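> just coords:
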């Protein structure tokens with residue numbers, strides 16, 4: 001090799017803390033998928049409730065299982081949390097299921113009941129299945145979801161002292177720090193021995209409500225006392241928070257009694273259990289087939305009363321569990337003194353930014369006329385730190401998101417200055433290459449603030465290779481958003497596009513300049529992108545590469561410019577979610593799909609996409625005088641970072657775009673490409689709401 005590569009990986013104490021404390025490392029990306037809406041909720045710190053799927057696949061018959069699953073998700077949402085039903089589809093763990101995926105699991109006959117022991121085989125064979133309490137806890141923990149709602153957990157089977165038939169749910173509670181909210185232990189089990197086993201496993205068990213009586217699933221009383229009691233959702237949240245804070249590897253069981261008016265009579269259930277157990281023994285039914293058989297038989301013997309109680313307790317658990325998740329989220333936010341992830345204590349998936357890092361030399365002319373012929377023009381020259389990727393990562397970090405930044409610098413006089421300046425960013429994965437020069441860029445800016453000419457020495461960007469980037473596949477597959485700029489090699493862009501296609505990742509491509517804009521469009525790779533943010537020249541270059549017709553001449557009137565930009569963006573929307581066209585002093589044109597309201601910044605399911613109309617919305621720029629403009633090199637990057645930050649915070653489209661416009665204005669007035677004044681307090685939903693904004697205009701593209 002020409003250059004000796006030394007990778008600056010995991011050098012900071014904060015990065016070690018990120019790996020060893022509360023961070024939930026995910027399974028390999030090929031085996032794990034988080035629904036985008038759940039990713040957004042986790043990034044924002046909103047309450048998420050995990051739900052199991054064995055109750056769908058093995059607990060109830062179709063279509064009652066499907067209606068139950070839908071209703072439980074609605075209850076979670078009505079109570080202020082985000083539902084995350086966990087299941088396995090074709091060898092991949094899904095955290096969050098679409099309605100089509102719920103229907104698939106509910107109606108399929110040959111799906112597997114998946115506990116801890118079954119996961120490796122089911123995933124390796126590409127099978128589908130419903131996750132048990134044990135399997136769901138594993139997935140929830142790895143996704144960073146601390147609260148999980150189910151009907152009832154497994155336990156020690158009756159006669160378990162002889163058969164050693166003990167559910168893996170109990171050992172999972174002893175080694176996975178997730179709070180399980182359930183109606184106690186299924187009453188078909190030996191509840192006393194189950195409580196003893198949980199004590200041995202070090203599991204904190206608390207009854208919920210007025211009594212310490214441990215519930216017996218279908219009925220509210222089992223005859224056994226829980227070790228502890230929590231009065232309400234807030235007390236339960238404090239209990240869970242203290243467990244997580246201590247770093248214990250064990251879980252918590254919150255036992256919620258079935259509502260008294262819907263509980264089944266204890267003697268009726270016990271008689272049915274004894275008859276069902278006798279029939280199971282005579283048929284030789286054991287192992288993981290035993291519980292589904294017993295529940296079904298008991299439902300038959302009680303003429304449906306046990307199923308009615310089952311439905312009631314599941315819905316009640318969903319209400320209580322959602323309240324606990326909301327209370328826990330508030331408690332954690334108060335403890336962190338802020339809802340956004342910070343460097344050093346990030347507990348949620350990071351966005352990832354891949355792109356260039358430059359040392360910028362910015363020269364702004366003093367006079368409106370620039371003299372040629374080798375003459376020296378009066379002006380001001382400053383050194384700053386830029387690069388499209390670095391700018392995006394910088395701005396996102398100032399807005400509280402701290403993305404993982406993948407880039408390359410030399411081991412020279414510039415690199416240490418860059419690393420020092422970027423101390424607020426996650427630079428732990430940056431490549432430092434001996435024998436290579438850190439990229440430099442020189443820009444000549446007119447007195448009006450427009451870029452006149454740029455010169456760059458950026459060969460080092462070719463070292464941001466697929467081989468280097470692929471080391472962070474796990475981070476990429478976890479990321480709520482991946483941003484990549486046009487500086488990186490074509491093969492790396494194609495790798496990211498393929499990853500996006502395989503794992504349904506949200507990817508934003510920043511074209512960088514007219515010559516680099518078309519890289520993804522040289523093949524079908526671009527169809528896997530979610531967003532692009534070109535200016536007009538870059539948009540023309542993209543259409544030229546695709547063989548689309550271009551306007552014969554450039555218009556001068558603003559309305560004609562907007563119509564031309566919309567027409568050029570239109571063919572890209574056959575595959576992209578949004579095209580964000582930056583128009584300089586004229587603001588930004590957002591092109592995408594609308595279902596009667598504003599354009600959606602989030603990819604929609606196919607049926608919604610088909611019903612949506614294509615639109616273009618023009619957002620005028622914030623007025624700024626020529627004298628105020630200092631540097632234009634980072635304005636577009638600030639715009640996109642502001643939009644992305646708003647989107648990841650789940651704000652509405654208008655707020656997201658206006659956060660971008662606020663960030664862009666700050667950077668226009670700064671000598672640095674990304675203004676140090678940008679922060680979560682200066683660019684926020686509150687700031688957007690406090691300002692008057694020019695009226696937006698909408699065009700239909702259909």
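Thanks, I have it. What you see is a predicted model; the values in this text were computed from it and never measured.
> Distance of residue 55 relative to residue 520?
For residue 55, the distance to residue 520 (CB to CB, to the nearest Å) stands at 43 Å. To be clear about C-beta, it is placed using only N, CA and C from the backbone, and glycine gets the same treatment.
> Likewise for residue 104?
In terms of CB to CB, residue 104 sits 32 Å off from residue 520.
> Between these two, point out the one with more neighbours.
Relative neighbour count places residue 520 above the other of residue 104 and residue 520, with 25 against 17, counting by other CB atoms under 10 Å.
> in stretch 202-219, what counts as buried?
203-209, 213-219 (16 or more other CB atoms under 10 Å).
> With stretch 687-701 instead?
Those would be 688, 699, 701, for stretch 687-701 by 16+ other CB under 10 Å.
> Of the residues you listed, which belong to strands?
residue 699 (DSSP state E).
> which among the buried residues of stretch 687-701 gets closest to residue 178?
residue 688 (36.6 Å; CB to CB).
> Leaving out sequence neighbours, find the closest residue to the closest one.
Leaving aside its chain neighbours, residue 688 sits nearest to residue 658 (4.5 Å; criterion: CB to CB, 6 or more residues apart in numbering).
> any idea which element the nearest residue to residue 155 once chain neighbours are set aside lies in?
In this structure, residue 155 finds its nearest non-sequential neighbour in residue 194, 3.3 Å apart by CB to CB, 6+ apart. In the assignment (DSSP states H and E), residue 194 maps to helix 191-200.
> Distance from the chain centre to the host helix or strand of residue 593, please.
Take DSSP H and E as the rule and residue 593 turns out to sit in strand 588-594. Here the centre of strand 588-594 is set off from its chain's centre by 23 Å, with CA atoms, centre = their mean, to the nearest Å.
> Show residues contacting stretch 314-327.
Contacts with stretch 314-327, where a contact means CB atoms under 8 Å, 6 or more residues apart in numbering, come from 47-49, 51, 55, 68, 71-72, 75-76, 78-81, 146-151, 179, 181-183, 208, 233-234, 236-237, 240, 254, 256, 258-259.
> The same query, at a cut-off of 7 Å, please.
47-49, 68, 71-72, 75-76, 79-81, 147, 149, 151, 181-183, 208, 233-234, 236-237, 254, 256, 258-259 (CB atoms under 7 Å, 6 or more residues apart in numbering).
> Residue 397 and residue 431: what is the separation?
Taking CB to CB as the measure, residue 397 falls 19 Å from residue 431.
> same question, residue 463
From residue 463 to residue 431 the distance is 6 Å (CB to CB).
> which of those two has more neighbours?
residue 431 (22 against 19).
> Mind listing the residues bridging to the more buried one?
residue 7, residue 408 (DSSP bridges).
> Residue 359: how many residues sit nearby?
Neighbours of residue 359 under the rule other CB under 10 Å: 24.
> right, and residue 613 touches residue 698 too?
No: in this structure, residue 613 is not within contact of residue 698 by CB atoms under 7 Å, at 10.3 Å.
> For the stretch 151-300 of the chain, which segments are assigned as helices?
Per DSSP state H, counting those that start in this stretch, the stretch 151-300 of the chain carries helices over the ranges 160-163, 168-175, 191-200, 233-246, 266-283, 290-301.
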